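J.: here is the input, now give the coordinates:
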Amino acid sequence: MREWKGPISSRFVHRAIMMALGATLLISPLAASAAGQSVPASASSSHLQQTNQGSSLLVGENRVLSKKEVRREWDGIDEEYSSAQAVNTVKALLPVEDFEALFPYRLGSPQWFTAAQGKEYYKANQTDYFSYDNLIAAVTEVANLKLKINTRVGSNAQEILRLDKEAKVETLVSRADDFNSASNKKLAIRTEIVDFGTFLKEGFKKDRKRELAAFLANLSHETGGGWDAAPGGPLRWGLFWNENIAGRTGKNMDPFVDKNSSALYPGFEGKRYYGRGPIMLSWNFNYGLFSSIIYGDKNVLLRNPEIVAADGKVGYMTAILFWMTPQTPKPSAHDVMAGKWKPTPEQKAKGLGQPGFGVSIMVLNGLEANLGEVEGSPVKRRAGHYREISAKMGVDVAGEKIDTLGMQPF
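T.: Take a look at the predicted model:
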């Protein structure tokens, strides 16, 4: 079986964002960390394994782990990053009333129905796709997952594993076809583990609020339906769309199946993998990869890509997973906003030395490099959403680098 050869970013997730351009897109409890306290230790880890042996599983296989194996191979399970804790965090940072005030025209809301009445995209049975409840449900689900990325040092050969924390079931999601080649088997393995329960739960309390504001601001821009003269202003129309317009209407009938990854992630007959959800998930390899992470089964979303646009919980999950996952050579947007990422000299030379909202834009979309908040710039609306959402949560972002002027892609 031919499998993908590049790192997770350049071969899968990053490419989804870059190739969807031009279409309508893309904490602990309150008592924890306050100003003046030390930043909690990271729940993500990166280290060199003492062995050069990867997983014994085949792609798609799984095994139940003992508590000892979870501690040894996955750095254990920290209850601070459980689903219940994650939900409490979101509710404390942004109550439902504030969320709904920020996004009155979100897809499926009462005001959306008023605006959509008589339009070609109107659906009488449209659910509240971007609802607060769906966000909470997505946070609950992803907090139960860990991801392990094993990389052969000095190469791009990787294997990726998923852990269901509650069930203690490990699944091999993907493996490069040359990961265990004769030459690569001699190389050490660098392991990075991501606990998705750390979403909004690392850094000072201010950082956690900034992260949620940055997350929602970027999604609001990708899914925004507003215009300068829109009722209430353009920022009221964030989270309006959840499908690529050309793909949904059939104007673009491309199936979005990449033949280089179709052996591992085959496109099913009659299915099209155009942009759907908060990040406009695109291409067969991304539907397959995200399906593997969410369900432990690549075929769920490959067979039924419509789920991403039909189920708001799944849509939010794809966005959080993308937000939390590092994309070599890029950090995760989470690490940038939580204050965990330290730019290298090379990154500083590219203007990426000021971690903050501007750098999060570069993580999501390198094509928006070197842009200020001028008329017609996509950065203007992103920044507008960020300032408004952070203000709603009582966070002053004055002095933070919010645009991408002077920045080059990672």
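
J.: from here on, contacts and neighbour counts on C-alpha atoms
T.: Noted.

J.: phi first, then psi, for the closest residue to N370 other than its chain neighbours.
T.: Spatial nearest neighbour of N370, chain neighbours left out: L405 (3.9 Å); criterion: C-alpha to C-alpha, 6 or more residues apart in numbering. Main-chain torsions, L405, degrees, to the nearest 10: phi -60, psi 130.

J.: longest helix in the protein, by residue count?
T.: helix 205-222 (DSSP state H).

J.: now do the contacts for I402.
T.: G356, F357, G358, V359, A383 (C-alpha atoms under 8 Å, 6 or more residues apart in numbering).

J.: cutoff 6 Å now
T.: For I402, the contact set (C-alpha atoms under 6 Å, 6 or more residues apart in numbering) comprises F357, G358.

J.: still on that earlier bit, who are the packing partners of the longest helix of the chain?
T.: Where contact means 3 or more C-alpha pairs under 6 Å, 6 or more residues apart in numbering; DSSP states H and E, helix 205-222 is packed against helix 378-392.

J.: just the angle for the helix it packs on relative to helix 205-222, thanks.
T.: Helix 378-392 runs at 140 degrees relative to helix 205-222, counting by axes from the mean of the first three to the mean of the last three C-alpha atoms, to 10 degrees.

J.: hmm, who's touching helix 378-392?
T.: Against helix 378-392 from outside (C-alpha under 6 Å, 6+ apart): A213, A214, A217, N218, H221, E373.

J.: tell me the pLDDT at the second one?
T.: The reference is to A214. The model reports A214 with a pLDDT of 98.

J.: count of neighbours near it?
T.: 28 (other C-alpha atoms under 10 Å).

J.: any idea how far S183 is from the closest residue to it other than its chain neighbours?
T.: Computed as C-alpha to C-alpha, 6+ apart, the closest residue to A214 that is not its neighbour in sequence is Y386, at 5.8 Å. Separation of Y386 from S183 (C-alpha to C-alpha, to the nearest Å): 47 Å.

J.: give me the more crowded residue out of those two.
T.: Y386 (27 against 9).

J.: got a pLDDT number for the more buried one?
T.: 98.

J.: ok, the one 10 residues further on next?
T.: D396 is assigned a pLDDT of 95 by the prediction.

J.: pLDDT at the spatially most central residue of the chain, what is it?
T.: In the chain, the residue lying closest to the centroid (C-alpha atoms, centre = their mean) is F322, at 2.0 Å. You'll see F322 listed with a pLDDT of 94.

J.: please give the element, helix or strand, for it.
T.: Counting by DSSP states H and E, the element that carries F322 is helix 312-324.

J.: by contact count, what packs against that helix?
T.: Using 3+ C-alpha pairs under 6 Å, 6+ apart, helix 312-324 sits against helix 132-142.

J.: low-confidence ranges in the stretch 101-250 of the chain?
T.: The model of the stretch 101-250 of the chain has no residue with pLDDT under 70.

J.: swap in 90 and give it another go.
T.: Scanning the stretch 101-250 of the chain for pLDDT under 90 picks out the ranges 156, 176, 226, 228.

J.: list the buried residues for the helix or strand where R190 lies?
T.: Assigned by DSSP H and E, R190 belongs to strand 189-195. The neighbour-count check on strand 189-195 (16 or more other C-alpha atoms under 10 Å) flags I189, R190, T191, E192, I193, V194, D195 as buried.

J.: centre of the chain versus that strand, how much separation?
T.: Counting by C-alpha atoms, centre = their mean, to the nearest Å, strand 189-195 is centred 17 Å from the centre of its parent chain.

J.: picking up where we left off before, from the buried residues of strand 189-195, which is closest to F204?
T.: Nearest to F204, judged by C-alpha to C-alpha, of those is D195 at 18.0 Å.

J.: tell me the contacts of the nearest residue to the closest one once chain neighbours are set aside?
T.: Nearest residue to D195, sequence neighbours excluded (C-alpha to C-alpha, 6+ apart): K146, at 4.5 Å. Applying C-alpha under 6 Å, 6+ apart to K146 gives the contacts R162, L163, V194, D195, F196.

J.: again with F113
T.: By C-alpha under 6 Å, 6+ apart, no residues touch F113.

J.: so it lies in a helix, does it not?
T.: Yes: under the criterion used here (DSSP: H, G, I helix; E, B strand; the rest coil), F113 sits inside a helix.

J.: host element of L172?
T.: strand 169-175.

J.: ok, which stretches of this protein are strands?
T.: Applying DSSP state E to the chain gives strands spanning 45-48, 62-64, 145-152, 158-164, 169-175, 189-195.

J.: contacts for the first one next, please.
T.: Defining contact as C-alpha under 6 Å, 6+ apart, one finds that strand 45-48 is touched by I189, R190, T191, E192, I193.

J.: need those residues in a markdown table (columns: distance to L264).
T.: Below are these laid out as a markdown table (distance: C-alpha to C-alpha, whole Å):
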| residue | distance to L264 |
| --- | --- |
| I189 | 23 |
| R190 | 24 |
| T191 | 23 |
| E192 | 23 |
| I193 | 23 |
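
J.: determine which two of those residues are furthest apart.
T.: The most distant members of these, if one measures by C-alpha to C-alpha, are I189 and I193, lying 12.7 Å apart.

J.: now G406: how far from G353?
T.: Taken as C-alpha to C-alpha, the span from G406 to G353 is 10 Å.

J.: just to revisit the earlier point, and which of the contacts of K146 is nearest I136?
T.: Using C-alpha to C-alpha, the contacts of K146 come closest to I136 at F196, 13.8 Å.

J.: cheers, nothing more for now.
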